[in-house]
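Peer 1: just a sequence and a predicted model for now, questions to come.
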Amino acid sequence: MNDNDMNDDDIDDVMNADDLNEDLSSRGRDGLDHDGPSGEEDWGDEEFAAGLLEEELRQAAAVLDPVPAELQQIAVDAYALHDLDARVAELTFDSLVDALPVRGVGDAPRMLTFRAGEVTVDVEVTARGLMGQVLPPQPARIEVLGGPRPGSPLTADDLGRFAGDVPLSGPFALRLRTGEDVVVTEWLRA
């Protein structure tokens, strides 16, 4: 094909190809437009695009597959347990494991003892709730933690005694605040 054989459509195609080549030559090596001053790297575009994509995916997931409110509350509660100053109280006695069964007693209360350093917590769990004592005797704020529901607040008196009338179901733990100390018991199943 020589130049004389070209028609008007062929000339338009060649002109469009030239425009395309000129447009591509003004772009960077990655094929993207870089509007910044010459010599300045514009590496933020990829991060910006990734951030936009992530945000769009989050919005789509929130609409199409939202996090259940109960699961979100459990996650918040689990994070609330993350207290660097809290000491974990170890279970040292559980009547379901350590006590001898008594014949004729059908609904015996469950007796638990937790220990963290000098602090001991004795707890009796029944179908009606729980009661216990902090030793050495001292006032304390106690929170009964369990599942997706918010913790039940209890207060120990000057002798360390406390009681709660909310029956426990499922896994539970106690968080005690005595003065500046924070003690969290191991999680147990009621």
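Peer 2: Here it is on my side, so go on. Residues are numbered from 1 along each chain as shown.
Peer 1: how close does Phe114 get to Leu91?
Peer 2: Look at Phe114 and Leu91: by Cβ to Cβ, to the nearest Å, they are 6 Å apart. In short, each C-beta sits where N, CA and C put it, glycine included.
Peer 1: got any residues that touch both of the two?
Peer 2: Shared contacts of Phe114 and Leu91, defined by Cβ atoms under 8 Å, 6 or more residues apart in numbering, are found at 185-186.
Peer 1: which of these two has more neighbours?
Peer 2: Neighbour count, other Cβ atoms under 10 Å: between Phe114 and Leu91, Phe114 has more, with 26 against 15.
Peer 1: the helix or strand that contains that one: what's the following helix or strand?
Peer 2: Using DSSP states H and E, Phe114 falls within strand 110-116. Remark: after strand 110-116, the chain's next helix or strand is strand 119-126, criterion DSSP H and E.
Peer 1: same question for that following strand, mean pLDDT?
Peer 2: Mean pLDDT, strand 119-126: 94.
Peer 1: and the angle from that strand to strand 110-116?
Peer 2: Calculated by axes from the mean of the first three to the mean of the last three Cα atoms, to 10 degrees, strand 119-126 forms an angle of 160 degrees with strand 110-116.
Peer 1: and strand 119-126, which strands flank it?
Peer 2: Using DSSP bridges, the strands paired with strand 119-126 are strand 110-116 (antiparallel), strand 129-135 (antiparallel).
Peer 1: for the last one, buried residues please.
Peer 2: By that I understand strand 129-135. For strand 129-135, burial by neighbour count (16 or more other Cβ atoms under 10 Å) applies to 129-134.
Peer 1: C-terminal to that strand, what's the next element?
Peer 2: Strand 129-135 is succeeded, C-terminally, by strand 140-146 (DSSP H and E).
Peer 1: you'd agree Ala50 is in a helix?
Peer 2: Yes. Ala50 forms part of a helix when assessed by DSSP: H, G, I helix; E, B strand; the rest coil.
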